[in-house]
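Novice: coordinates for the following, if possible.
(chains A and B)
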Amino acid sequence: NAGVTQTPKFQVLKTGQSMTLQCAQDMNHEYMSWYRQDPGMGLRLIHYSVGAGITDQGEVPNGYNVSRSTTEDFPLRLLSAAPSQTSVYFCASTGTGGVNTEAFFGQGTRLTVV
Amino acid sequence: QQQVKQSPQSLIVQKGGISIINCAYENTAFDYFPWYQQFPGKGPALLIAIRPDVSEKKEGRFTISFNKSAKQFSLHIMDSQPGDSATYFCAATDYTGGFKTIFGAGTRLFVKA
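Specialist: Model (predicted):
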């Protein structure tokens, strides 16, 4: 039972490079989201999706793009990496049914932009 | 502008003591209030959650108190143990707004043995 899988676990980028952080879930959840975690800032919502083909901006969307072509996958793209994007990125998947709604998080991707 | 404000930033408690973490929210559209626990190197995991039609929820040593009129909620950890040492996040979810969940800044708890 994989849950939420993020790849890669670690990445170093040079300023201006682009890359895609992958996120996949096998729980058939409709809702997926991306957060970045920085010391003292908690988890800040970047983008989220309520289903395939539907995405929306969160608290800190600038510099990031997302798409949701399938229920399972929700990749996060950095088009031109900046040092300010150095952070730990978490993908989360949430079931939208039931009384207790729980977000399941991946293990995170630690990104350093130099 | 922080939609969910959490305090304190860090907390040191003796083993067996009570740990208390407080949160306040602005948006009255929030209708679900979970707490997450995170250990180093791991993603956050759901600890306990409450809906605004309930003033208190208890699960084992963990209790959420919720004050809808004040837009505040808190986590109480009774009989705190060294294994409770972790970072705790409060959060607020807006179901009608696309299940968007906003987190507080986190509280790093250390329980001294």
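Novice: pLDDT wise, what is residue A:95 at?
Specialist: The model reports residue A:95 with a pLDDT of 79.
Novice: actually residue A:101, sorry about that
Specialist: At residue A:101, pLDDT is 75.
Novice: ditto for residue A:42
Specialist: 89.
Novice: for residue 3, which residues are in contact?
Specialist: I'll assume chain A. Contacts for residue A:3 (CB atoms under 8 Å, 6 or more residues apart in numbering or on different chains) come out as A:25, A:26, A:27, A:93, A:104, A:106. Just so you know, the C-beta spots here come from the backbone N, C-alpha and C atoms, and that holds for glycine as well.
Novice: wait, chain B was what I had in mind.
Specialist: Residue B:3 neighbours (CB under 8 Å, 6+ apart): A:59, B:25, B:26, B:27, B:92, B:102.
Novice: which of the residues in stretch A:76-85 are buried?
Specialist: Within stretch A:76-85, the residues that qualify as buried are A:76, A:78, A:81, A:85, counting by 16 or more other CB atoms under 10 Å in any protein chain shown.
Novice: ok, so of these, who is nearest chain B?
Specialist: residue A:76 (14.9 Å; CB to the nearest CB).
Novice: wait, isn't that closest one in contact with residue A:23?
Specialist: Yes: using CB atoms under 8 Å, residue A:76 is in contact with residue A:23, at 7.0 Å.
Novice: contacts with chain B among the contacts of residue A:3, please.
Specialist: residue A:106 (CB under 8 Å from any CB of the partner chain).
Novice: any chance of the contacts of residue A:3 in TSV, with neighbour count too?
Specialist: TSV is the format used below for the contacts of residue A:3 (neighbours: other CB atoms under 10 Å in any protein chain shown):
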residue	neighbour count
A:25	22
A:26	13
A:27	14
A:93	25
A:104	19
A:106	25
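Novice: distance of residue A:110 from residue A:11?
Specialist: 7 Å (CB to CB, to the nearest Å).
Novice: kindly report the same for residue B:33.
Specialist: 33 Å.
Novice: more neighbours, the two?
Specialist: Neighbours were counted for residue B:33 and for residue A:11 using other CB atoms under 10 Å in any protein chain shown; residue B:33 has more, 23 against 17.
Novice: what's next to whatever helix or strand that one lives in, contact-wise?
Specialist: Taking DSSP states H and E as the criterion, residue B:33 maps to strand B:33-38. Under the criterion CB under 8 Å, 6+ apart, residues A:101-103, B:23, B:25, B:44-52, B:62, B:64, B:66, B:73, B:75, B:86-93, B:101, B:103, B:106 lie in contact with strand B:33-38.
Novice: if anything else comes up later, I'll come back, but that's it for now.
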